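# Below are the sequence and a predicted model for it; my questions follow.
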Amino acid sequence: MSCVDPHAVLGVTPDATDEELARAYRELAKRHHPDHAGADAATQMQRLNEAYAAARRERRRRGPVASRPKLRAPGWWLGDDVRAALGIELIAALDERERVLAVAWAASGDSHEVRLAVTDKRLVWLRDDAIADRVRTLRLAEVEEVVTRVGRVRRRGELQVRARTRRRRLRFGEIAPEPLSELAEALAAVLPLGAVRAA
């Protein structure tokens, strides 16, 4: 863990309180514990344990949190429901005061569980079942076209994004119709007129 920031692994700031540090560790440990996530999760669980131990050692070396100025909690500018929908990792990926317009669960070609958010600046998504490189982003300035479609039989939707900087379209599937509509409306509000259409 010497070359990795343990706070980044846990999704908290270096000035997080002991309670915030413990809460972040517990949440991630529940998700990645081998009893729940399978034997492949053992490596991620070990990484979390090492990060938590390193963060606590660093905390003891620096002294009590009360002696440092109190910083705002991650995502302090967002509503409680938005923070809950995003989770720690996506909140950590946001710029301060970045507005979140819509959040939905989806799937992609490389992840069965994707938490997708539209902000006033970009698309941000968390590949929840990935071990590394979990958060990805695409600036809205790079988006040329967004196409939505809903299947007739299963009533699950897909969001396709064509960007100047990518050869292939980004495809987010398995989205329920209502969240798909919210994503499309949010993108239509921030992209040029006609860039978002239904197939």
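Structure received.
# quick one: contacts of the lengthiest helix in the chain?
Longest among the helix segments of the chain by residue count, using DSSP state H, is helix 42-62. For helix 42-62, the external contacting residues (C-beta atoms under 8 Å, 6 or more residues apart in numbering) are 1, 4, 6-7, 9-10, 12, 14, 18, 21, 25, 28-29, 32-34, 37, 65, 68, 131. In this view, the C-beta of every residue, glycine as well, is placed from N, C-alpha and C.
# which parts of it are buried?
Neighbour-count burial for helix 42-62, with 16 or more other C-beta atoms under 10 Å as criterion, is recorded at Gln44, Met45, Arg47, Leu48, Ala51, Tyr52, Ala54, Ala55, Arg59.
# Averaged pLDDT, the helix or strand harbouring Ala104. What do you get?
According to DSSP states H and E, Ala104 maps onto strand 100-108. For strand 100-108, mean pLDDT rounds to 95.
# before we move on, what about stretch 143-155?
88.
# which non-adjacent residue is nearest Glu174?
Ala107 (4.1 Å; C-beta to C-beta, 6 or more residues apart in numbering).
# sorry, back to before: need the next SSE after the strand holding Ala104, C-terminal direction.
Downstream of strand 100-108 (by DSSP H and E), the next one is strand 111-119.
# Quick one: residues contacting Lys121.
By C-beta under 8 Å, 6+ apart, Lys121 lies in contact with Asp95, Glu98, Arg139, Leu140.
# Distance-wise, check it relative to Leu140.
Per C-beta to C-beta, to the nearest Å, Lys121 is found 6 Å from Leu140.
# Can you tell me the element Gln160 falls in?
strand 157-163.
# Across the sheet, point out what pairs with Leu159.
In this entry, Leu159 is beta-bridged to Thr148, Phe172, by DSSP bridges.
# and the least confident helix or strand in the chain by mean pLDDT, C-alpha only, in PDB?
In the chain, no helix or strand scores lower on mean pLDDT, DSSP states H and E than helix 34-37, which sits at a mean of 74. The C-alpha atoms that make up helix 34-37 are tabulated as PDB, following Å, rounded to 0.1, in the frame of the first residue of the first chain:
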ATOM      1  CA  PRO A  34     -15.600 -13.400  -0.100                       C
ATOM      2  CA  ASP A  35     -18.600 -14.900   1.700                       C
ATOM      3  CA  HIS A  36     -20.900 -12.700  -0.400                       C
ATOM      4  CA  ALA A  37     -18.800 -11.800  -3.500                       C
END
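# Where does the prediction get shaky in this structure?
When residues are selected by pLDDT under 70, those of the chain lie in 1-3, 39, 63-70.
# Tell me which residue is most central in it.
Leu90 (2.8 Å; C-alpha atoms, centre = their mean).
# Touching, Arg122 and Thr137? I think so.
Yes: counting by C-beta atoms under 8 Å, Arg122 does reach Thr137; the two are 5.1 Å apart.
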